[in-house]
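Undergrad: any chance you could fold what I've pasted below:
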Amino acid sequence: MNLFAGMTDHQIASSILGFLLFNLYVVLLVISLAAFWVTSRPRRGRVRVSALWHVLASFWMMWAFISTVWAAPVEKSFINPDVAGEPFLQGERFQKVIIGLLFAAVAVACMVVGAVRAGREKRAAAQQALPEEIPAGAGR
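TA: Below you'll find the model as predicted:
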């Protein structure tokens, strides 16, 4: 049984591209939600602001998901199969895929900013948790 039986070259390339994009977006969305869960838990009575960056990344990933439907709503193809001479990975529909990838890139940037910010907030909280040094002779 051939999975691609009866499909044109454009449709085969489009289905592989759709599979890869969907899985990439799922992995990135899971990472952003897991990072949000880890950073949003209150520590020592404080809620870290870096969790907001991970929520923002999740929203951008949802826009990337929506862009896959926008790029090929019902036509079964990200690559225009009606134009026989159209080269692969060029054309109006594929430009919409590029826009979705830009949404995903913004989400990755938000996740990186959130991770850097979480590290800074963790170090600052650790510094505040250290006991203050008592000057010599102050306790006598």
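Undergrad: gap between residue 9 and residue 15?
TA: 11 Å (C-beta to C-beta, to the nearest Å). (C-beta placed from N, C-alpha, C; glycine too.)
Undergrad: tell me which of the two has more neighbours.
TA: residue 15 (17 against 12; other C-beta atoms under 10 Å).
Undergrad: can you tell me how far the more buried one is from residue 22?
TA: For residue 15, the distance to residue 22 - C-beta to C-beta - is 11 Å.
Undergrad: so which elements touch the helix or strand harbouring residue 15?
TA: For residue 15, the host element (DSSP states H and E) is helix 9-40. On a contact count with 3 or more C-beta pairs under 8 Å, 6 or more residues apart in numbering; DSSP states H and E, helix 9-40 meets helix 51-71, helix 92-129.
Undergrad: what angle do the shortest one and helix 92-129 make?
TA: Looking back up the chat, that one is helix 51-71. With axes from the mean of the first three to the mean of the last three C-alpha atoms, to 10 degrees defining the directions, helix 51-71 sits at 170 degrees from helix 92-129.
Undergrad: can you list contacts of helix 51-71?
TA: The contact list for helix 51-71 (C-beta atoms under 8 Å, 6 or more residues apart in numbering) reads 18, 21-22, 25, 28-29, 32-33, 35-36, 39-40, 78, 93-94, 96-97, 99-101, 103-104, 106-108, 110-111, 113-114, 117-118.
Undergrad: buried ones among the residues you listed?
TA: 18, 21, 25, 28-29, 32, 35-36, 39, 78, 93-94, 96-97, 100, 103-104, 106-107, 110-111, 114, 117-118 (16 or more other C-beta atoms under 10 Å).
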